[in-house]
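Novice: The sequence and its predicted three-dimensional model are supplied below.
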Amino acid sequence: MTYPADRIEEETAYLAFHFHWGMDDILDLEHADRRGYVARAASLVERSQT
């Protein structure tokens, strides 16, 4: 099963924006790790808005 390219781009942009990580570093992450960091960033954003 292939992960959709547009979803990878969205995750990469999200992590780069929030954590200031480089594209290569983000793309080197395993899928589950990348999704975990996206969830963590989203949680931080959500907490900062309350």
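Specialist: Looks like it came in fine.

Novice: For residue 26, give me its contacts.
Specialist: Neighbouring residues of residue 26 by Cβ atoms under 8 Å, 6 or more residues apart in numbering: 11-12, 15-16, 34. Any C-beta I mention is one placed from the backbone N, CA and C, and that applies to glycine too.

Novice: Just checking the distance from the host helix or strand of it to the centre of its chain.
Specialist: Assigned by DSSP states H and E, residue 26 belongs to helix 23-27. Centroid separation between helix 23-27 and its chain, computed with Cα atoms, centre = their mean, to the nearest Å, is 10 Å.

Novice: Render the CA-only coordinates of it in CSV, please.
Specialist: This file holds the C-alpha atoms of helix 23-27, laid out as CSV (Å, rounded to 0.1, in the frame of the first residue of the first chain):
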residue,chain,number,x,y,z
MET,A,23,12.6,18.1,4.6
ASP,A,24,15.2,15.4,4.5
ASP,A,25,15.0,14.9,8.3
ILE,A,26,11.2,14.6,8.1
LEU,A,27,11.2,12.3,5.2
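
Novice: Buried ones in that helix, by neighbour count?
Specialist: Neighbour-count burial for helix 23-27 flags residue 26 (criterion: 16 or more other Cβ atoms under 10 Å).

Novice: contacts for whatever helix or strand comes next after it?
Specialist: Following helix 23-27 in sequence order, the next helix or strand is helix 31-48 (DSSP H and E). Here helix 31-48 makes contact (Cβ under 8 Å, 6+ apart) with 3, 11, 14-15, 18-19, 26, 29.
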